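A.B. asks: Fold the following for me, if possible:
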Amino acid sequence: MRRTLTFLSGLALLAGAAVAAAPAAGAIDPAKGYAGICAGADALSGVTVVIDFQELDGNGGVAAPTITRCSPNASPGTDRTGIKALQDAGISVQGTVRWGLGFVCRLENRPSSTEILPRTSNPTYKEPCANTPPADAYWGYWHANGSGSTWAYSSFGALNRNVIPGGFEGWSFSLNKTATTNPPPEVTPTNPAVNPNNPTVSLSVDDLDRKITLGQSTGLTWLSTNATAVTAHAVSPTSGGGSWSGSLAVPGGTQSVTPTAVGTYTYTVKASGTGGNVYSTATLTVQ
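C.D. replies: All right, here's what the predicted structure looks like:
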């Protein structure tokens, strides 16, 4: 089933107040990633994952302190989605029945199915992780390129968005907030190893599951920083994937593509700046 990312930007899925029966966070796989901001050989190839439980911390006596953890990239230079970055950091992540990891429902088993989420509109709500979340109780998804000190709310879900090497991936629980009061993680997303002049770029497919039916169109959306030029660099295979070439808008935008053959296509975007050239890819399956 085709579903595009529009009003559910950055939505992960739900969380709320905890009760004593809810298990505490602590399912981190110690064999993956490590605590703290990415450093050393991982400083510019890994990504730092921040999990801020906000109102979940201490509700019902269940501690859930903020997690800051490096997610190394085992294959530097290759793209990773936000979901893969969570998994590589050893973070336990669960999606929904309907959309899988297209919507993140639980991080480190929070909120559990037994937690009461005190939404203003439904004070006894419990999240079953069956479908999409209510807009007043969910995991918000944020990102930063590591060169500044502020977070940006993601316009794509973590399964559709590639992380920025050296940057930050943030998850912050939002309860009874609005689009303007949704809280970013309370960790400053600054990586001392990142040159603030280096360009960054990310490319995403607008369809939630990155799948369309032959004859349909979809959008490819890019976002860059510190770039003087952005180019639709390549599509592989070279035929059947639709038109993807030439100069693109800086710093970002969306371009429609209409594949002409069934298959799986990888699109590459290139960003150029004073700090060099960087690339990002996105994959689309045409059925």
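A.B. asks: Run a quick neighbour tally on residue 245.
C.D. replies: Around residue 245 there are 10 other residues, counting by other Cβ atoms under 10 Å. In this view, the C-beta of every residue, glycine as well, is placed from N, C-alpha and C.
A.B. asks: ranges for the helices of the stretch 51-200 of the chain?
C.D. replies: Assigned by DSSP state H, counting those that start in this stretch, the stretch 51-200 of the chain shows helices spanning 82-88.
A.B. asks: Residue 119 and residue 138 touch, don't they?
C.D. replies: No - applying Cβ atoms under 8 Å, one finds residue 119 not in contact with residue 138, separated by 10.5 Å.
A.B. asks: So for these two, which residue has more residues nearby?
C.D. replies: More crowded of residue 119 and residue 138, by other Cβ under 10 Å: residue 138, with 28 against 18.
A.B. asks: Test for you: state the pLDDT assigned to that one.
C.D. replies: With respect to pLDDT, residue 138 scores 95.
A.B. asks: and it, how far is that from residue 124?
C.D. replies: 17 Å (Cβ to Cβ, to the nearest Å).
A.B. asks: Quick test: name the residue nearest the centre of this structure.
C.D. replies: residue 158 (2.9 Å; Cα atoms, centre = their mean).
A.B. asks: which residues does that one contact?
C.D. replies: Residues near residue 158 by Cβ atoms under 8 Å, 6 or more residues apart in numbering: 12, 81, 82, 83, 85, 86, 101, 104, 141, 169.
A.B. asks: which one of those residues sits closest to residue 40?
C.D. replies: residue 85 (17.7 Å; Cβ to Cβ).
A.B. asks: isn't that closest one right up against residue 48?
C.D. replies: No - between residue 85 and residue 48 there is no contact under Cβ under 8 Å: 9.2 Å.
A.B. asks: who touches both of the two?
C.D. replies: Counting by Cβ under 8 Å, 6+ apart, the residues touching both residue 85 and residue 48 are 71, 169.
A.B. asks: What is the burial count for residue 107?
C.D. replies: 26.
A.B. asks: Bridged to it, which residues?
C.D. replies: Going by DSSP bridges, residue 107 is paired in beta bridges with residue 93, residue 110.
A.B. asks: what's the spacing between it and residue 48?
C.D. replies: Taking Cβ to Cβ, one finds residue 107 at 15 Å from residue 48.
A.B. asks: Okay, buried residues for stretch 174-184 please.
C.D. replies: 174, 175, 177, 182, 183, 184 (16 or more other Cβ atoms under 10 Å).
A.B. asks: Out of the residues you listed, which sit inside strands?
C.D. replies: For the buried residues of stretch 174-184, the ones inside strands are 174, 175, with DSSP state E as the criterion.
A.B. asks: Widest-spaced pair of the buried residues of stretch 174-184?
C.D. replies: The most distant members of those, if one measures by Cβ to Cβ, are 175 and 184, lying 14.4 Å apart.
A.B. asks: so residue 71 touches residue 168, yeah?
C.D. replies: No - Residue 71 is beyond contact range of residue 168, at 10.1 Å (criterion: Cβ under 8 Å).
A.B. asks: joint contacts of these two?
C.D. replies: Joint contacts of residue 71 and residue 168 (Cβ under 8 Å, 6+ apart) are 47, 48, 49.
A.B. asks: So which of these is the closest to residue 249?
C.D. replies: Taking Cβ to Cβ as the measure, residue 249 lies nearest residue 47 of the shared contacts of residue 71 and residue 168, at 25.5 Å.
A.B. asks: Perfect, that will be all.
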